[in-house]
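# only geometry, no sequence info:
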């Protein structure tokens, strides 16, 4: 069964304290891995798509990397406005169009 | 301009009622979806729909039905609402394709059944 597991469930950082969020996945074949940010009361906001092992993408303080078994979202020198829940999702080969399998998310809190 | 918009944002209704949630996207996408986020915060797909094909997640009760008047709209109708239907429902859209196209989500509709 295709599955996505994110860790930790919650992460508290001080402003400027860099860290990484983990997304482990088990799929029959990976069509794409997605990172989203979700603020309270809002819909998921797209951050990155990764398609193959070794791929990396960056956006401001965020950098996403991908291996054959997991993805990391690295946050460099976070700011309080980076506080949100970060969701990882995969689309598997053989899955129907748009069928993203989501993890439960990592709730990030950045304190000033 | 909001790319994927859905209304209402909040809906409180009694058990047994029938309700609808509307969704519109202005991204020119071919495919639209409904996702459900339950109390445990997991997001799960309910439907995907383009002008040729409706794919229904087999776990979705037949009380739920999508209706698409045109390519830019996909409404969600729910009949005979039950307490367990309380959740956040997200509309989403993407381009048609097989290569892991990015899916863009709306802001969500909070449904509470009392």
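Nice, thanks for sending it over. Being a predicted model, the structure only gives us computed values, none of them experimental. Numbers count the residues shown, from 1 in each chain, chains lettered A, B, ... in the order given.
# low pLDDT regions in chain B?
Within chain B, the segments meeting pLDDT under 70 span B:1-2, B:96-100.
# and with 80 instead?
Counting by pLDDT under 80, chain B contains low-confidence residues at B:1-2, B:40-41, B:51-52, B:55-56, B:58, B:96-101.
# those residues of it touching chain A, which are they?
Counting by CB under 8 Å from any CB of the partner chain, chain B comes close to chain A at B:4, B:31, B:33, B:40-45, B:48, B:50, B:53, B:55, B:57, B:90, B:92, B:94, B:96-108. (Each C-beta comes from the backbone N, C-alpha and C, glycine too.)
# select only the buried ones of those in PyMOL?
Per 16 or more other CB atoms under 10 Å in any protein chain shown, the buried members of these correspond to this PyMOL selection:
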select buried, chain B and resi 4+31+33+41+42+43+44+45+48+50+55+57+90+92+94+100+101+102+103+104+105+106+107+108
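# backbone phi and psi for the most centrally placed residue in chain B, please?
Note on chain B: the residue nearest the mean C-alpha position is residue B:34, at 2.7 Å, using CA atoms, centre = their mean. Dihedral pair for residue B:34: phi -120, psi 130, per degrees, to the nearest 10.
# strands of chain A, start to end?
Assigned by DSSP state E, the strands in chain A fall at A:3-7, A:10-14, A:19-26, A:30-38, A:45-50, A:56-59, A:62-66, A:70-75, A:84-92, A:100-102, A:106-111.
# what does chain B give?
Assigned by DSSP E, chain B shows strands spanning B:4-7, B:10-13, B:19-25, B:31-37, B:43-49, B:54-56, B:64-70, B:73-78, B:87-94, B:104-105, B:109-113.
# export those to JSON lines and tack on distance to residue A:89?
Below are those laid out as JSON lines (distance: least, CB to CB, whole Å):
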{"stretch": "strand B:4-7", "distance to residue A:89": "16"}
{"stretch": "strand B:10-13", "distance to residue A:89": "25"}
{"stretch": "strand B:19-25", "distance to residue A:89": "19"}
{"stretch": "strand B:31-37", "distance to residue A:89": "10"}
{"stretch": "strand B:43-49", "distance to residue A:89": "8"}
{"stretch": "strand B:54-56", "distance to residue A:89": "17"}
{"stretch": "strand B:64-70", "distance to residue A:89": "21"}
{"stretch": "strand B:73-78", "distance to residue A:89": "20"}
{"stretch": "strand B:87-94", "distance to residue A:89": "11"}
{"stretch": "strand B:104-105", "distance to residue A:89": "11"}
{"stretch": "strand B:109-113", "distance to residue A:89": "20"}
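# the ones you listed: which one's closest to residue A:54?
strand B:87-94 (24.7 Å; CB to CB).
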